[in-house]
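Peer 1: Compute the structure for the input listed below.
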Amino acid sequence: MKIRWKLLILLLIMAMVPLIAAAVLHHVSVHRLGGHLASGRREILTQAARHHLHRMVDDYGRIVRRDRKMLELALIFQAREVERRLASVPPASPRMFLAEDYDGQVNLPEGMVLSDKHFRTGPDGKLLPIPVTYQQQVYFLVSGVSRQAVADDTARLSTMPEVYRLLYRCRPDLMYWQYTSLESGIHSCYPGHGGYPTDYDPRRRRWYLAAKQADDLIWLIMPEVSTRTVAPTLAMPVHRADGSFAGVTAIDMPLAAILGKLKLPADWASEAKTMLVVPEEQKQPVELHSSGPGEHVGNSEQDRKLVIIAQRSYEGRRQNWREVVELQFLESDDRHELAALTADALSGVSGVRKMRFRGRDALWAYGAGGKSRPFPVVVVPYDLIIAQTVEAEQYVLTKIKRSVKAAGGFLLVAFAVIVIVAFVSSRSVTRPVTQLAKVAQKLAVGNYDTRIDIRTGDELQALGEIVNDVGPKLRERQRMQHSLMLAMEVQQNLLPQEFPHLAGFDIAGAADYCDETGGDYYDFIELLDAPSSRLGIAIGDITSHGIGAALLMASARAILRSHAVAQTTELDKLFADINVHLVRDTGESWFLTLFYCVIDAESRTLSYASAGHDPVLWLHAATGQIDELTNTGIPLGILLDAPYRQGGPLRIERGDVLVLSTDGVREGKNPAGQMFGTERLKQVVRSCLAESAETICKTVMQAAEKFRDGHVQEDDITLVVVKGL
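Peer 2: Numbering: from 1, shown residues only. The predicted model follows:
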């Protein structure tokens, strides 16, 4: 009996309770689906949030490290310029603007503006912008110091505004104040402004004393004297020509420059906490104070704590400039997790952990730190991440409970009837299906010799015979897949494993196959019989791709390498010899386009031959012009007596770039069917002309991938870049 008749009989028996059975299945399925979707969505959102936070904090950590290094380099340059001026002859009649001039509104320099980043608290408690000038600096003399006594030093420092302006223009977001204080009692600051306390003596400030004592570059967190704003300070000692201590030069950095570069999603930003922390050390240059009683500085690795050196609450803080900034420790109710986070920080490992923060579950994302290097920490309350899921879960569960309750009594009766009917009538169907399921499980784990014996005389028996044929076919497919992987590994090993070193040139290459194996090829050939200053470079494209193309590519590579060493100057004869071999060894449907050149490093010249290959782009650094090195013959492997010419020699100047590519670059398509094209390739290369050959390669490959926008890669992509140094 056919299975369709068996199913028909089963459906007729169940005809008395079709609605009840449908209701049972519907309610049970919806209930399970609702719970599964709710829990699954919560897990998906959590994992997505973890991934997003981890990547975001890692990127932010790299930005912080970059900005810290850049600011340190700026301060080193600033210190060297101060020392150079202190060792020079003071200029005659320098322009000077004292703090008292700014305060008294007399003898003011040109270009005074209201600052958009420097503010003081007014009488009514509102923040008022400070008048500053970005053209000049301000001089402040410590009480008791006469202008005549320090006239030479003030004259020597009179040209420092040009240095301050140069550094400020490079990174204005990192510069708050730039200043230099000398042991003689001079203090100069940029941009120029007033508002210094009469009893201010920079020589007694912590940044001055710490830099003098360390005799090295230091970081501090302290209130700034002009605006009373808490800011990171970077200070470094300067010396006179005889090596004696002259004073300290420093840069204040706004906290907004640190915290403002991390952009959180709008749903998180209001309650998320962004911090920059550093592992506390016994010799920490910042004076650290806990926010609670009984805290102490530990000396062991287990007792070390994380100190918050930057957070939003510091940014708007204004306090007496004479006081020490009271920093806070990073704290959590989950001490074990916090200890694990600290251990990761000391090991330079980033990650995301779930733990308590101020009585709420939260995700803590932290960047890669170190023994003493600062790193970011972002804390996002967990209920913000799953808020939408909780709301949707409650709604779905409420609807399901109401539906199940309404049909509960009716479903109990239907359930009893269905169990009896299903037990009696479905055994003839379920038993073969169970056998098929067991065989399928064995096939799934690689037992391809398993067999099934079904003798029902219906479609299930036919299905069992089909399943019996699946095992041998799966084994054959596995063998084929293994062979393809071996072929791919062999072909990848045929490509250059490292870039050549040729004096006066920067050379790089890359290949991206659309299948496991491909027909594109590039090579760097050491011409052993030629002078050591010469190098052969080849790039080719076999028609089609796959196993056949890979085999022909390997054959063409062997022929080229065996002939190239003997033919280093007569490239036309070299191509003719290769063509004879390929015509004899390949059929009519296969051919090879090939561009081959020899670079002489001593004369900086290039000789080449091109057999039907895509034009090579030659970008002239001096003029910006782009020439194309076109074909000197037809593709190899078509005609036995095909003629070939040699091009060149061409002189490669410093900064010139040669781009060798296969047609997979230009003919790559986006979802709209548009091709990448030669003009777009030229634009991409122009945009990174100053970069290294390897960077140009990566930029072009990334641009081609971005242009495809998910569209399938239809051809192999190969690229070689040669740049004159």
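
Peer 1: Which helix or strand in this protein has the lowest average pLDDT?
Peer 2: Taking mean pLDDT, DSSP states H and E as the measure, the helix or strand of the chain with the lowest value is helix 3-13, at a mean of 58.

Peer 1: tell me the SS of residue 579?
Peer 2: State at residue 579, reduced to three classes by DSSP: H, G, I helix; E, B strand; the rest coil: helix.

Peer 1: I'd say residue 81 and residue 160 touch.
Peer 2: Yes: with contact defined as Cβ atoms under 8 Å, residue 81 and residue 160 form a contacting pair (6.9 Å). Every C-beta, even on glycine, is put in place using the N, C-alpha and C of the backbone.

Peer 1: Next one, pLDDT for residue 429 please.
Peer 2: On pLDDT, residue 429 comes in at 65.

Peer 1: can you check the one 4 residues further on too?
Peer 2: Each residue has a pLDDT score; the one for residue 433 is 71.

Peer 1: So which residues of the stretch 501-650 of the chain form helices?
Peer 2: Taking DSSP state H, counting those that start in this stretch to define them, one finds helices in the stretch 501-650 of the chain at 547-564, 571-585.

Peer 1: quick one: the first one to chain centroid distance?
Peer 2: Which is helix 547-564. Put simply, helix 547-564 sits 38 Å off its chain's centre (Cα atoms, centre = their mean, to the nearest Å).

Peer 1: what is the rounded mean pLDDT of that helix?
Peer 2: Throughout helix 547-564, pLDDT has a mean value of 82.

Peer 1: Please apply the same query to the last one.
Peer 2: Averaging pLDDT along helix 571-585 yields 88.

Peer 1: Flag every buried residue along it.
Peer 2: 571, 574-576, 578-583 (16 or more other Cβ atoms under 10 Å).

Peer 1: and those, which two are the farthest apart?
Peer 2: The most widely separated members of the buried residues of helix 571-585, counting by Cβ to Cβ, are 571 and 583 (18.4 Å).

Peer 1: Now for the residue lying closest to residue 632 once chain neighbours are set aside: which residues touch it?
Peer 2: Leaving aside its chain neighbours, residue 632 sits nearest to residue 645 (4.0 Å; criterion: Cβ to Cβ, 6 or more residues apart in numbering). Residue 645 makes contacts with 572, 609, 632-633, as judged by Cβ atoms under 8 Å, 6 or more residues apart in numbering.

Peer 1: at 10 Å what do you get?
Peer 2: Taking Cβ atoms under 10 Å, 6 or more residues apart in numbering as the criterion, residue 645 is in contact with 571-572, 575, 608-610, 631-633.

Peer 1: got it, and residue 724?
Peer 2: Contacts of residue 724 by Cβ under 10 Å, 6+ apart are 504-506, 599, 604, 606, 621, 651-658.

Peer 1: same thing but 7 Å
Peer 2: Neighbour list for residue 724: 504-505, 604, 652-656 [criterion: Cβ atoms under 7 Å, 6 or more residues apart in numbering].

Peer 1: same thing with residue 669?
Peer 2: By Cβ under 7 Å, 6+ apart, the contact list for residue 669 reads 675, 708, 711, 714.

Peer 1: Regarding residue 310, which helix or strand does it belong to?
Peer 2: strand 306-311 (DSSP states H and E).

Peer 1: quick one: strands adjacent to that strand?
Peer 2: strand 273-279 (antiparallel), strand 328-329 (antiparallel) (DSSP bridges).

Peer 1: for the record, mean pLDDT for it?
Peer 2: 78.

Peer 1: Then stretch 133-152?
Peer 2: 91.

Peer 1: Now do it: distance from first to last residue.
Peer 2: 24 Å (Cα to Cα, to the nearest Å).

Peer 1: cool, stretch 329-343 as well?
Peer 2: End-to-end span of stretch 329-343 (Cα to Cα): 16 Å.

Peer 1: Show me what counts as buried in it.
Peer 2: 329-332, 334, 338, 341-342.

Peer 1: ok, now stretch 646-655?
Peer 2: Going by neighbour count (16+ other Cβ under 10 Å), the buried part of stretch 646-655 is 646-650, 652.

Peer 1: I'd like to know which of these is nearest to residue 366.
Peer 2: Comparing those against residue 366 with Cβ to Cβ places residue 652 closest, at 49.0 Å.

Peer 1: Residue ranges in the stretch 301-450 of the chain under the pLDDT threshold?
Peer 2: Within the stretch 301-450 of the chain, the stretches with pLDDT under 70 are 301-303, 313-326, 371-372, 388-397, 399-401, 403-404, 406-431, 443, 446, 448.

Peer 1: quick one, strands of it?
Peer 2: Assigned by DSSP state E, counting those that start in this stretch, the strands in the stretch 301-450 of the chain fall at 306-311, 328-329, 351-357, 360-366, 375-381.

Peer 1: Reformat the helices of the stretch 501-650 of the chain into CSV and put distance to residue 198 next to each item.
Peer 2: Listed next are the helices of the stretch 501-650 of the chain as CSV, based on distance: least, Cβ to Cβ, whole Å:
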stretch, distance to residue 198
helix 547-564, 82
helix 571-585, 83
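
Peer 1: Surely residue 45 and residue 386 touch.
Peer 2: Yes: in terms of Cβ atoms under 7 Å, residue 45 counts as a neighbour of residue 386; the distance is 5.8 Å.

Peer 1: More neighbours: which of the two?
Peer 2: Per other Cβ atoms under 10 Å, whichever of residue 45 and residue 386 has more neighbours is residue 386, with 19 against 15.

Peer 1: In contact with the more buried one, which residues are there?
Peer 2: Residues counted as contacts of residue 386 (Cβ under 7 Å, 6+ apart) are 42, 45-46.

Peer 1: dump the residue contacts of residue 502.
Peer 2: 535, 599, 601.

Peer 1: how close does the last one sit to residue 693?
Peer 2: In this case it means residue 601. Between residue 601 and residue 693 the computed distance is 15 Å (Cβ to Cβ, to the nearest Å).

Peer 1: Of the two, which one has the most company?
Peer 2: Neighbour count, other Cβ under 10 Å: between residue 601 and residue 693, residue 693 has more, with 21 against 16.

Peer 1: Report how many residues lie close to residue 239.
Peer 2: Quick note: residue 239 (other Cβ under 10 Å) scores 16 neighbours.

Peer 1: Pretty sure it sits against residue 247.
Peer 2: No: contact criterion Cβ under 7 Å: residue 239 and residue 247 do not qualify, at 8.9 Å.

Peer 1: show me where pLDDT drops low in the stretch 451-600 of the chain?
Peer 2: Applying pLDDT under 70 to the stretch 451-600 of the chain flags the ranges 471, 474, 478-493, 516-518, 528-532, 544-546, 548, 587-589.

Peer 1: Show me what stretch 100-113 is in contact with.
Peer 2: Against stretch 100-113 from outside (Cβ under 7 Å, 6+ apart): 97, 131-136, 138, 192-195.

Peer 1: same deal with stretch 181-201?
Peer 2: Identification of contacts with stretch 181-201 by Cβ under 7 Å, 6+ apart yields 97, 99, 102-103, 109, 120, 130-134, 136-143, 145, 150, 153-154, 157, 160-161, 164, 177-180, 202-203, 208, 225-226, 245-248.

Peer 1: ok so, going back, and which of the contacts of residue 386 is nearest to residue 670?
Peer 2: Within those, proximity to residue 670 (Cβ to Cβ) peaks at residue 45, which comes in at 31.8 Å.

Peer 1: now the closest one: how far from residue 58?
Peer 2: Distance, residue 45 to residue 58, using Cβ to Cβ: 20 Å.

Peer 1: again, but for residue 205
Peer 2: Separation of residue 205 from residue 58 (Cβ to Cβ): 36 Å.

Peer 1: Contact partners for the closest residue to residue 712 other than its chain neighbours?
Peer 2: Once flanking residues are discounted, residue 712 sits nearest to residue 514: 7.9 Å by Cβ to Cβ, 6+ apart. Applying Cβ under 7 Å, 6+ apart, one finds that residue 514 lies in contact with 545, 713-716.
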